[in-house]
Structures are given as structure tokens and as C-alpha cells.
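A.B. asks: Predicted model and sequence follow; I will ask about them next.
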Amino acid sequence: MSLDHLLSLAKFDRENLKALEGDLATTFSRDKKPGPTKYKASKDDGFKHLHPARFSRYPLGKISRWWKKMPRSRGHQFKNLPLLFSGSQNKITQKTISALHDRTKTCAFKMFHSGNINVAGKPIKKIEHRAEDGVYSTIDFAWKAPTTLGQVTDALLNYCTCLMMLWPYDQTGLILLRVINKYNYLSTAPSLQERVNLITTFFNTVLRENSNRAGRKELVMSFKEQEDCLQTILSSAGYSNAVPAGRNHVPDSKSRYQINTVPSNKPFTATNPVPIRNKVVMFQGFAICFSFNNGACKNTLTPHGCKDTRGKEFAHQCNKWVESRKDYCYGKHKRVNHQ
């Protein structure tokens, strides 16, 4: 190599090093606010003609400062969303997409279950609700509820997909996923059905609260608020609300979600000093309804309680543990109203 060639390589090396140091130095510098952007007046039809402002980045200011500008509903409903690209086609019924156009309407978790894609073509059903002023009935589609953790995850992804397309600035779906994942899909519950019921109650509670806030033009629930809500639901159900330290490894898959519903008859010994209270409380041969005690039972009413879509009957009694009696309350009121 000639001397000129070596000098050129050395010069290139020095310039490259300076450029690298400059890039590293910028990571420690304070962020500067971007300058204002002025857009030319242009039409936007949502299909072929898209305004450049559509492709601006997410707002950089605090969400509490600009959220009030979010509209409550979309003036025009378009239910044929382009879901093929994300693999969400044939998973979300148009009834659900239509309801999501209005943020003041409350959507239930079952509405995002992929098994309800053809719910509009099935016979409707009559639902009776018990309120303080009496019993009233409503008519609704025969929605199927998720029963497995796979269906729960799929329903959460369906909700996030629809929310991204209709309300891209709303982070509720991502927060729901993060909170549920943090608590390991509520692994503190002893059975699969209980875990699904708890996640369903949590999801419905968050969406009901956010719909009420939309009517008042208030900010949606933050991560901290959603986590506090989940901890309250777990405590009310009699479970630990601590963050799971790890996954429970059970070698036998059949016994993974089993739970003993019969009271223990073992005597108190040195190895068994404290009586074990079962999570599923029985009353006159029926399991006490968890949703009733949380004030959110939507099952069909029966003389002694309710019956779910699979025909299983439950009792409407209070399942609050009374330490002075060493037994459950069994009152006709809800657990949330126990005094």
C-alpha cells in the first residue's frame, strides 16, 4: 500500500470515530421538543386519499392534557374493517365493531370471543335481571363466554385490534394485557373456570368504568388504576392479590385445575394446625355464585340463585368468611354488601 493510501485510511478512521462519538453523545443530551408542523389543506376519505397528518407520531405531551379532545363517538360507522392483514378476520362480529364506535357504550368480554362470529344469525334469548326495585328482562344475542385461557387471550387480542383501528390513541387494551400478564393470568385462582371468571370480571369492570368516564370526557383508567381494580377483585373473591413470583409447575395436567369442594375432616395436629377453607363455597348442594357476590351476575335467575349458559346452577348467598363463627355468612345479600 502506498503512503497516500495509508494516510487516506487513517483520515477515514478518525472521521468515522468522531461521527460515532457524536452519535453516542446525543443519547445523553436532553430531548428537544419538535417544531410545529403546518399541513396543507387536503381531503381525506379514509381510503385512497389520506391526509399527511394521519401519519404523525403519537402525541408527546402528557395524555391527561389532550385526552379531553378525544371524541366520544365516530360520526360515521364503518364495520367492514380491514382485519385480514393482522389475522383477525372472521374473529370479531360486526355487532361488536358497531358498539365500539361509541366510547360511552359498555362492551362485555364475551363480545370479543371468536366463537361469537355468527352470533347475529343465532336465536336471541331473554335475560332476566334482579335489581333493587324488582326483576326486569332484556333481549340479547346468545353470546358464548370464553372458557379457556387460549380463548381469553384471543379475545384480548381481538379487543386490542379493534381499538387500534377505531381509537388508536386509547391504550386500554395494552394496559389490560400488561396487568393480566403481570399477574400470570390470575394463577392465584385454584381452577381454570375461576381464572376465566376473574379475568372476565376484571375486563368488564374496566370497560364499564371507561364508558362512564367517556360520558364525562375523563381520562381512561391508567395502569395503576387497573392494577388496583384487579387487586380489589382478587381480595373480594378471597384470593391473594400479590404479584405471583413464578409459575406453578404441576406435573399432572389432569390435577392442575382441580379443587376440593368438600370440607376437610382431618383433625388438627402439629402438621395440620390450621383448618383449610375451600375457595368454592357450597350452599344446599349448590356452589355459591361468584359473580353475584361481586354484583355482576348476568346468568338466568332461578328460585335459589342462577343458572349459566351450560345449565350449571349456583346459589345466591354471601360467601364472606366470618371469623367469629368460623364459617361463611350464607346471607341472602351480596359479599360486597356484607357488614
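C.D. replies: Sure, I can see it. Only a predicted model underlies this, so the values are computations on that prediction, with no experimental measurement involved. Residues are numbered from 1 along each chain as shown.
A.B. asks: Can you list the buried residues in stretch 104-124?
C.D. replies: Neighbour-count burial for stretch 104-124, counted by 16 or more other CB atoms under 10 Å, picks out 106-116, 119. Placement of C-beta: from N, CA and C, glycine included.
A.B. asks: wait, I meant stretch 52-69
C.D. replies: By neighbour count, and taking 16+ other CB under 10 Å as the criterion, the buried residues in stretch 52-69 are residue 67.
A.B. asks: Equivalent analysis for stretch 190-207, please.
C.D. replies: So for stretch 190-207, counting by 16+ other CB under 10 Å, buried means 190, 192-207.
A.B. asks: before we move on, what about stretch 205-225?
C.D. replies: Neighbour-count burial for stretch 205-225 [16+ other CB under 10 Å]: 205-207, 209-211, 213-214, 219-221.
A.B. asks: Would you mind listing where the stretch 101-250 of the chain has pLDDT under the threshold?
C.D. replies: Scanning the stretch 101-250 of the chain for pLDDT under 70 picks out the ranges 131, 246-250.
A.B. asks: which stretches of it form strands?
C.D. replies: For the stretch 101-250 of the chain, the strands identified by DSSP state E, counting those that start in this stretch occupy 125-131, 134-140, in order along the chain.
A.B. asks: Nearest to residue 228 among these would be which one?
C.D. replies: strand 125-131 (27.2 Å; CB to CB).
A.B. asks: what's the angle between that closest one and strand 134-140?
C.D. replies: Using axes from the mean of the first three to the mean of the last three CA atoms, to 10 degrees, the inter-axis angle of strand 125-131 relative to strand 134-140 is 150 degrees.
A.B. asks: quick revisit: closest one of the buried residues of stretch 104-124 to residue 45?
C.D. replies: For the buried residues of stretch 104-124, the closest approach to residue 45 (CB to CB) belongs to residue 107, at 27.6 Å.
A.B. asks: distance of the nearest residue to residue 160 once chain neighbours are set aside from residue 206?
C.D. replies: In space, not counting the residues next to it along the chain, residue 160 is nearest to residue 173; the distance is 3.5 Å by CB to CB, 6 or more residues apart in numbering. Using CB to CB, to the nearest Å, residue 173 is found at 10 Å from residue 206.
A.B. asks: re earlier: return the most buried member of the strands of the stretch 101-250 of the chain.
C.D. replies: Sort these by mean neighbour count, taking mean count of other CB atoms under 10 Å, and strand 125-131 sits at the top with a mean of 12.
A.B. asks: Does that strand pack against any helices or strands, and if so which?
C.D. replies: With contacts taken as 3 or more CB pairs under 8 Å, 6 or more residues apart in numbering; DSSP states H and E, strand 125-131 sits against strand 134-140, strand 300-301.
A.B. asks: And the longest one, how far out from the chain middle?
C.D. replies: With CA atoms, centre = their mean, to the nearest Å as the basis, the distance from the averaged C-alpha position of strand 134-140 to the chain average is 26 Å.
A.B. asks: again, but for stretch 329-336
C.D. replies: Stretch 329-336 has its C-alpha centroid displaced from the chain centroid by 27 Å (CA atoms, centre = their mean).
A.B. asks: Please renumber the chain so that the first residue is 45 from this point on.
C.D. replies: Done: numbering now begins at 45, and the last item shifts to stretch 373-380.
A.B. asks: what's in contact with that stretch?
C.D. replies: Residues outside stretch 373-380 that contact it (CB atoms under 8 Å, 6 or more residues apart in numbering): 280, 327, 336-339, 360-366, 382.
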